[in-house]
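> sequence below, structure please.
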Amino acid sequence: MGFMDLSLHGSDMASDASSFATGAMVAVLRKELSNKANEYNTPGPVNVALYFSERLIPGGFHQDFHPGLTKLAEDTLHDLELHYIACEKAEWDDAESKAEHMSVYGRLVNELKKFIADSEFN
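Numbers count the residues shown, from 1 in each chain. As a prediction, the model looks like this:
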């Protein structure tokens, strides 16, 4: 038999499939990162950060097996921090909505920082 154990990374072919799938996901999310959106939709950095927050981080996704995912997280963090600063300076019609958005953006920034710090590709 050509595997160490019956786990995703215990088998060469399962590991390769995982790497290819992660690479495809990174490509889709990287494309989304450049989405500028408009005042009615969330911009790409927020969309990608939400994906990390709601899908990758809670599932204990192993970024250690794909360096492109860590780089995506770093780029998302950079763009999200710029978005945070712009939103912080902007005039909002609703102070409560601004406070809610800023709170979520701050949480997303912290989650991405931890995800990056935990990566072996850091």
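> okay, which residue is most central for this structure?
The structure's the chain has its C-alpha centroid closest to F52; by CA atoms, centre = their mean the separation is 3.7 Å.
> surely it and L112 touch.
Yes: using CB atoms under 8 Å, F52 is in contact with L112, at 6.2 Å. No exception for glycine: its C-beta is placed from N, CA and C like everyone else's.
> shared neighbours, the two?
Jointly contacting F52 and L112 under the rule CB atoms under 8 Å, 6 or more residues apart in numbering are A73, T76.
> now stretch 17-29: mean pLDDT?
For stretch 17-29, mean pLDDT is 90.
> name the next helix or strand following the worst-scoring helix or strand of the chain on mean pLDDT along the chain.
Least confident helix or strand, the chain: helix 12-33 with a mean of 88, by mean pLDDT, DSSP states H and E. Note on helix 12-33: by DSSP states H and E, the next helix or strand toward the C-terminus is helix 44-51.
> quick one: buried residues of that following helix?
G44, P45, V46, N47, V48, A49, Y51 (16 or more other CB atoms under 10 Å).
> same question for stretch 93-101.
H101.
> return the distance of it from the chain's centre.
24 Å (CA atoms, centre = their mean, to the nearest Å).
> could you find the closest non-adjacent residue to E111?
S53 (5.3 Å; CB to CB, 6 or more residues apart in numbering).
> and that neighbour, what is it in contact with?
R107, L108, E111.
> OK, contacts around the residue nearest to S34 when sequence neighbours are not counted?
Leaving aside its sequence neighbours, S34 sits nearest to G44 (CB to CB, 6+ apart; 5.6 Å). Listed by CB under 8 Å, 6+ apart, the contact partners of G44 are E32, L33, S34, N35, K36, A37, D79.
> tell me how far G44 lies from H101.
16 Å (CB to CB, to the nearest Å).
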